[in-house]
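Visitor: missing the sequence, but the structure's below:
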């Protein structure tokens, strides 16, 4: 059993290395003339399995978007998600669930549906960074509303597909762009 788990851990690490190298190649090797650094913070409410274990989440995201056209932007992103553990009454006593933390590494694309509305999707892998958390496939569709040239309000669905289930939440946040 230990060899089997070791094999999967090495496979996940190898895939992450390849994804990071690809992201860096896109970041530094692109010939696109205009790019924008983005930083965002959001709060979230857990759904489903995540809602049984956690009460609230905060997330911080950093990304770098290249203009593929006037209306389409794409690039790598990295983030940190911290979900606060809940207390569960078992009938015999109370069990306190540890906080659950992820480090999502992804690639994203955003389509400007209008001057003020953007539709996006991030796909990648969320590394589990606390004990017993293996991580999983990360996906996050989103819609953003422009408040100014450099500030967006966004709503997103964040999902992490893991062996035996998923860890899902809806989030609302603000994102700042720097050219």
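Guide: Done, it's in. Please read these numbers as outputs of a predicted model, since none were measured by experiment.
Visitor: Just list whatever residues bridge to the residue sitting nearest the centre point of the chain.
Guide: Per CA atoms, centre = their mean, the C-alpha nearest to the average position across the chain is that of residue 104, at 4.5 Å. Per DSSP bridges, the residues bridged to residue 104 are residue 126.
Visitor: how much space between it and residue 55?
Guide: Applying CB to CB, to the nearest Å, the value for residue 104 to residue 55 is 20 Å. Every residue, glycine included, has its C-beta placed from N, CA and C.
Visitor: What distance do you get for the residue nearest to residue 72 when sequence neighbours are not counted to residue 85?
Guide: Counting by CB to CB, 6 or more residues apart in numbering, residue 111 is the residue found nearest to residue 72 once chain neighbours are left out, at 5.6 Å. Distance, residue 111 to residue 85, using CB to CB: 36 Å.
Visitor: Residue 134 now?
Guide: From residue 134 to residue 85 the distance is 17 Å (CB to CB).
Visitor: ok, the nearest residue to residue 53 once chain neighbours are set aside - contacts?
Guide: Nearest non-adjacent residue to residue 53, counting by CB to CB, 6+ apart: residue 97, 5.0 Å away. Contacts of residue 97 were listed using CB atoms under 8 Å, 6 or more residues apart in numbering, and they are 53-54, 85-88.
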